[in-house]
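>>> Mind looking at a prediction? Sequence and model below.
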Amino acid sequence: QAQLVESGGGSVQAGDSLRLSCAASGRTSSTYTMGWFRQAPGKEREFVAAINWIGITRYYLGSVQGRFTVSRDNAKNTVYLVMNSLKPEDTAVYFCAASPLDHGDSSSYTYWGQGTQVTVSS
């Protein structure tokens, strides 16, 4: 089994920044695609960002493009999501996920963390 543990969430004001971290252990490999998803109350889970195993190819949800940056440190088995210029609509539980495949829809992600809450107030 693999374990993914997110950290770094919190309550901030609009315009502030946060950095989420996801520490991977167990069966996840540095060759896995790593993704971030979020789920707001009453809404379906949505894709936010992903990064391929070598860290060259990155994918973003359109509404976070230019504000969020995904990165990874394979030596530390950790993936990061730096979130700048946060907006109230970014409020959600953020989940880290790992996929042995290239980035695709959420069904391609095999392992999931428990999530970390991000709350942005106006």
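The structure has been received and is ready for your questions.
>>> I'd say Leu4 and Ala97 touch.
Yes - using C-beta atoms under 8 Å, Leu4 makes contact with Ala97 at a distance of 7.1 Å. Quick note: C-beta positions are derived from backbone N, CA and C, even for glycine.
>>> which neighbours do the two share?
111-113 (C-beta atoms under 8 Å, 6 or more residues apart in numbering).
>>> And for Tyr80, the neighbour number?
The number of residues packed near Tyr80 is 19, by other C-beta atoms under 10 Å.
>>> ok, for it, nearest residue in space, not its chain neighbours?
Among residues not flanking Tyr80 along the chain, Ser71 sits closest, at 4.9 Å (C-beta to C-beta, 6 or more residues apart in numbering).
>>> what's near enough to touch that neighbour?
51, 55, 79-80, 82.
>>> of those, the lowest pLDDT goes to which?
Least confident of the contacts of Ser71 in the model: Gly55, at 85.
>>> Now do the same contact list for Val12.
Val12 touches 18, 86, 118-121, counting by C-beta under 8 Å, 6+ apart.
>>> Show me what the strand or helix carrying it pairs with in its sheet, parallel or antiparallel.
Element membership for Val12 (DSSP states H and E) is strand 10-13. Here strand 10-13 is paired, per DSSP bridges, with strand 116-121 (parallel).
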